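1. Below are the sequence and a predicted model for it; my questions follow.
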Amino acid sequence: MCGIVGYVGERDCTDVLLNSLSKLEYRGYDSAGIAVFENGQITVEKSKGELQNLRDKISENHKPDGHCGIGHTRWATHGEPSDINSHPHGSKRVTIVHNGIIENYKDIKKFLIGKGYSFESETDTETVAKLLDFYYDGDPIDAIVKALKDIRGAYALGIMFREFPNKIFAVRKDSPLIIGVGEEENFIASDVPAILQYTRKYYLLEENEIATIKADRVEFCDIHKKEIVKEVKISDLDMDAAEKGGYEHFMLKEIHEQPTAVRTTIAPRIVDGMPNLSECGITEESLKNVRKIFIVACGTAMHAGMVGKYVIEKLARCEVTVDIASEFRYRDPIVTPDDLVIVVSQSGETADTKAALHLAHEKGAKVLAVVNVKGSSIAREADMVIYTHAGPEISVASTKAFSVQMAVMYLLAFEMAYAKGQISKEECMRLTAELEKIPEVIEETMECSDRCQYVASKLITTSSLLYIGRGLDYTLSMEGSLKLKEISYIHSESYAAGELKHGTISLVTDEMPVISVATQEELLEKMVSNIVEVKSRGAFTITVCKKGTEFNEGVMDEIIEVPVLEDVLMPMVAVVPLQLVAYYTTVLKGLNVDKPRNLAKSVTVE
């Protein structure tokens with residue numbers, strides 16, 4: 001959510017900032033801006049809308065000429081998207097960019113107005129800029145330390161003081177920020193992809209550490225001004241992975257990357273034919289002693305957790321509760337030290353999920369993190385970590401991250417079922433061997449692409465539709481519905497098929513398509529009955545099912561077939577057509593697939 005960049009060096013600062021911001025567009029934003037030291041002053045240019053709007057404005061008006069500056073892509077929280085509310089914000093002496101939310105900004109603003117300050121924007125960020133100016137007496141670090149004592153909330157701040165034209169200052173709490181290290185040039189950024197075109201070296205900025213960034217060096221101190229020595233890290237991200245590679249959109253590329261991502265995720269965790277998560281800090285003994293599992297996540301990651309619940313309970317016979325992270329935090333869950341809390345987050349920075357991790361620790365439970373980003377906050381704070389080696393996922397609509405999260409759930413379920421004595425070693429090896437075949441089966445599933453595009457053409461004029469399923473298929477209906485609504489803007493809802501008759505079927509007319517997922521053989525007869533129910537009320541019926549599934553004539557208007565696996569593994573392939581239908585529907589509607597309105601890739605605020 002939002003993006004911060006900063007640069008100090010000999011390059012054209014404006015070019016560096018704009019190029020770096022372009023690598024953070026995937027995070028979601030509605031305005032952009034930069035601030036550059038120029039002739040002893042700080043020149044600010046900012047604009048509502050896409051980054052190209054800012055480029056055009058700079059091209060038409062004035063390109064700031066300097067070698068030190070900060071930039072930002074904003075996702076509106078306080079104040080509507082506008083030129084004025086765009087970052088950077090500042091005063092005569094201080095200019096800042098900010099990710100996060102300042103919870104007590106109204107109190108700070110009232111205090112500063114009483115001290116004679118005036119405000120231009122509706123943002124919480126401007127209050128921080130003015131507060132820094134209020135405390136500034138010639139020492140930037142002192143001003144930052146004093147301001148932080150007054151601030152409540154989450155923040156990553158890039159700060160420039162007018163009297164220090166060759167320095168950027170940075171500090172963070174509950175919002176990610178890294179310091180890029182180059183040759184006679186240094187950077188700040190919200191995420192590694194922003195700086196990969198310039199350097200792979202970076203420092204991780206920890207909470208309330210203050211960084212002073214100059215062209216030739218970076219210095220760190222704590223809030224007591226005590227010097228901190230940090231270790232330089234090297235990113236192993238592939239720059240090519242952050243490019244489209246010939247695909248029209250990142251989402252389509254990432255759908256097609258799922259076989260490789262799943263293979264890369266599971267292969268290192270299978271030893272002698274058995275799941276082995278010991279390198280992640282997980283042992284058979286620790287799994288054997290787990291009383292109950294809580295899976296906590298948001299959005300798509302939560303749906304992966306739902307798959308985990310079904311599979312773990314079925315195979316390991318261990319009770320699993322799945323919670324939306326924002327609800328888990330506030331319902332005072334009954335968690336004990338004998339429980340395992342699994343937090344799932346693609347970015348490893350999701351604010352509500354990170355807060356759930358903290359709550360679990362307060363209750364004495366061990367926390368296992370399933371994340372994609374090495375060195376992320378959740379990865380560093382969890383007791384155990386399983387990295388999903390999906391590589392960068394740029395499209396806001398998550399696809400390959402979902403698949404690798406599911407793959408991890410299967411590995412965990414198999415190993416736990418064996419550890420608890422619920423399945424034999426032979427059965428565990430058989431299931432694991434079936435999972436190893438999944439990447440090839442996903443590749444085969446991609447052959448339904450043309451079929452999915454045809455089905456999508458039937459959806460582009462509808463205003464609302466339903467997804468239904470039972471058991472594991474219900475979890476997929478939830479994910480399919482989310483994918484469609486978030487990028488095509490078609491209202492869709494998912495329901496357990498057996499619940500339709502308890503109210504929702506009243507909405508079904510000949511103008512409402514119903515997409516059913518029907519891959520579970522033991523539930524197929526009941527699913528068909530539910531499909532007949534909506535068909536009899538005029539619904540246009542679309543069904544995702546195993547190849548060779550037979551239905552009575554006239555029940556299904558459209559069928560998308562996927563390769564046959566045993567029921568428990570079907571979500572790994574059945575999700576692919578749901579992703580493709582959402583993708584092609586959005587393309588046919590002429591919408592921005594990779595950057596849907598109002599959404600951010602990494603949700604780092606509550």
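-> Okay, I see it.

2. drop to CA atoms for contacts and neighbour counts, all remaining ones
-> Will do.

3. hey, where'd the strands end up in the stretch 301-450 of the chain?
-> Here the stretch 301-450 of the chain has its strands, by DSSP state E, counting those that start in this stretch, at 319-324, 340-345, 366-371, 384-387.

4. which of these sits most buried?
-> Ranked by mean neighbour count, the strands of the stretch 301-450 of the chain are led by strand 340-345 with a mean of 28 (mean count of other CA atoms under 10 Å).

5. Sheet partners, orientation included, of it?
-> strand 292-297 (parallel), strand 366-371 (parallel) (DSSP bridges).

6. Now do the first one against strand 319-324: the angle between them, please.
-> What it means is strand 292-297. Counting by axes from the mean of the first three to the mean of the last three CA atoms, to 10 degrees, strand 292-297 lies at 20 degrees to strand 319-324.

7. Please state the offset of strand 292-297 from the chain centre?
-> Taking CA atoms, centre = their mean, to the nearest Å, one finds strand 292-297 lying 18 Å from the centre of the chain it belongs to.

8. on that earlier part again, could I get the strands paired with strand 340-345 as CSV with mean pLDDT and distance to Ser457?
-> Formatted as CSV, those follow (pLDDT from 0 to 100; distance: least, CA to CA, whole Å):
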stretch, mean pLDDT, distance to Ser457
strand 292-297, 96, 33
strand 366-371, 94, 35
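
9. for these, which one sits closest to Ser492?
-> Proximity to Ser492 (CA to CA) singles out strand 292-297 among these, at 21.2 Å.

10. number of nearby residues for Leu132?
-> For Leu132, the neighbour count with other CA atoms under 10 Å is 27.

11. So it is in contact with Lys149, correct?
-> No. Using CA atoms under 8 Å, Leu132 and Lys149 do not qualify as a contacting pair, with a distance of 11.3 Å.

12. Poorly predicted segments of the stretch 351-500 of the chain, please.
-> For the stretch 351-500 of the chain, not a single residue meets the criterion pLDDT under 70.

13. just the helices in the stretch 1-150 of the chain please.
-> 13-22, 51-60, 105-114, 125-135, 140-150 (DSSP state H, counting those that start in this stretch).

14. Buried residues, the third one. List them.
-> This means helix 105-114. Neighbour counts using 16 or more other CA atoms under 10 Å place Tyr105, Ile108, Lys109, Leu112 of helix 105-114 among the buried residues.

15. cool, and the last one?
-> The neighbour-count criterion (16+ other CA under 10 Å) identifies Pro140, Ile141, Asp142, Ala143, Ile144, Val145, Lys146, Ala147, Leu148 as the buried residues of helix 140-150.

16. Helix 105-114 and the next helix-or-strand element following it, what's the angle between them?
-> Following helix 140-150 in sequence order, the next helix or strand is strand 153-161 (DSSP states H and E). Strand 153-161 runs at 40 degrees relative to helix 105-114, counting by the same axes, to 10 degrees.

17. Who are the packing partners of strand 153-161?
-> strand 3-8, strand 68-74, strand 94-102, strand 168-173 (3 or more CA pairs under 8 Å, 6 or more residues apart in numbering; DSSP states H and E).

18. Sheet-wise, list the partners of the second one with their directions.
-> Read it as strand 68-74. Short version: by DSSP bridges, strand 68-74 pairs with strand 3-8 (antiparallel), strand 31-38 (antiparallel).

19. closest one to Arg263 among these?
-> Ranking those by proximity to Arg263 (CA to CA) places strand 3-8 first, at 30.9 Å.

20. Now do the closest one, average pLDDT.
-> Mean per-residue pLDDT for strand 3-8: 94.

21. Show residues contacting that strand.
-> 13, 16-17, 20-21, 24-25, 27, 67-74, 97-99, 158, 166-168, 177, 185-191, 194, 213-215 (CA atoms under 8 Å, 6 or more residues apart in numbering).

22. and the angle from the longest helix seen in the chain to strand 340-345?
-> In the chain, with assignment by DSSP state H, the single longest helix is helix 400-419. Here helix 400-419 runs at an angle of 160 degrees relative to strand 340-345 (the same axes, to 10 degrees).

23. residue ranges with poor pLDDT in the chain?
-> In the chain, residues with pLDDT under 70: 1, 26-28, 75-76, 78-79, 238-242, 245, 600-606.

24. re earlier: if we only consider the buried residues of helix 140-150, which is nearest to Val441?
-> Leu148 (52.6 Å).

25. Contact partners for Val229?
-> With CA under 8 Å, 6+ apart, Val229 has these contacts: Phe220.

26. change it to 10 Å
-> Glu219, Phe220, Cys221 (CA atoms under 10 Å, 6 or more residues apart in numbering).

27. hmm, back to that, who wins for proximity to Val128 among the strands of the stretch 301-450 of the chain?
-> strand 340-345 (29.2 Å).

28. quick check, distance from that closest one to the centre of its chain.
-> Distance of strand 340-345 from its chain centroid, counting by CA atoms, centre = their mean, is 15 Å.

29. what's the answer for stretch 137-150, then?
-> 33 Å.

30. which residues are in contact with that stretch?
-> 94, 104-105, 107-108, 128-136, 155, 159-161, 163-164, 169-173, 208, 210-212, 221-225.

31. 6 Å instead, please
-> Leu132, Tyr135, Tyr136, Ile223 (CA atoms under 6 Å, 6 or more residues apart in numbering).

32. mind listing the helices in the stretch 151-300 of the chain by residue range?
-> Going by DSSP H, counting those that start in this stretch, the stretch 151-300 of the chain shows helices at 250-256, 258-266, 284-288, 299-316.

33. mind listing what's buried in the longest one?
-> By that I understand helix 299-316. 300-313, 315-316.

34. Show me what that helix is packed up against.
-> helix 400-419 (3 or more CA pairs under 6 Å, 6 or more residues apart in numbering; DSSP states H and E).

35. Phi first, then psi, for the spatially closest residue to Leu359 that is not a sequence neighbour.
-> In space, Leu359 comes closest to Arg329 once its chain neighbours are excluded; the distance is 6.9 Å by CA to CA, 6 or more residues apart in numbering. The phi and psi values for Arg329, taken as degrees, to the nearest 10, are phi -60, psi -40.

36. What number of residues are in the vicinity of Arg329?
-> Around Arg329 there are 20 other residues, counting by other CA under 10 Å.

37. same check, this time on Lys92
-> 12.

38. again with the one 10 residues further on
-> As a burial measure, Ile102 scores 20 neighbours (other CA under 10 Å).

39. That one: what's it in contact with?
-> Asp124, Arg152, Gly153.

40. any idea how far it is from Ile559?
-> For Ile102, the distance to Ile559 equals 50 Å [CA to CA, to the nearest Å].

41. before we move on, back to that, of the buried residues of helix 105-114, closest to His358?
-> Out of the buried residues of helix 105-114, the member with the shortest distance to His358 (by CA to CA) is Tyr105, at 24.4 Å.

42. ok, the closest one - contacts?
-> By CA under 6 Å, 6+ apart, the neighbours of Tyr105 are Asp124.

43. Span of stretch 35-46 from start to end?
-> From its first residue to its last, stretch 35-46 covers 8 Å (CA to CA).

44. Excluding chain neighbours, give the residue nearest to Ala215 in space.
-> For Ala215, the closest residue by CA to CA, 6+ apart turns out to be Glu185, at 4.4 Å.

45. Could you give the number of residues near the one you found?
-> Counted with other CA under 10 Å, Glu185 comes out at 22.
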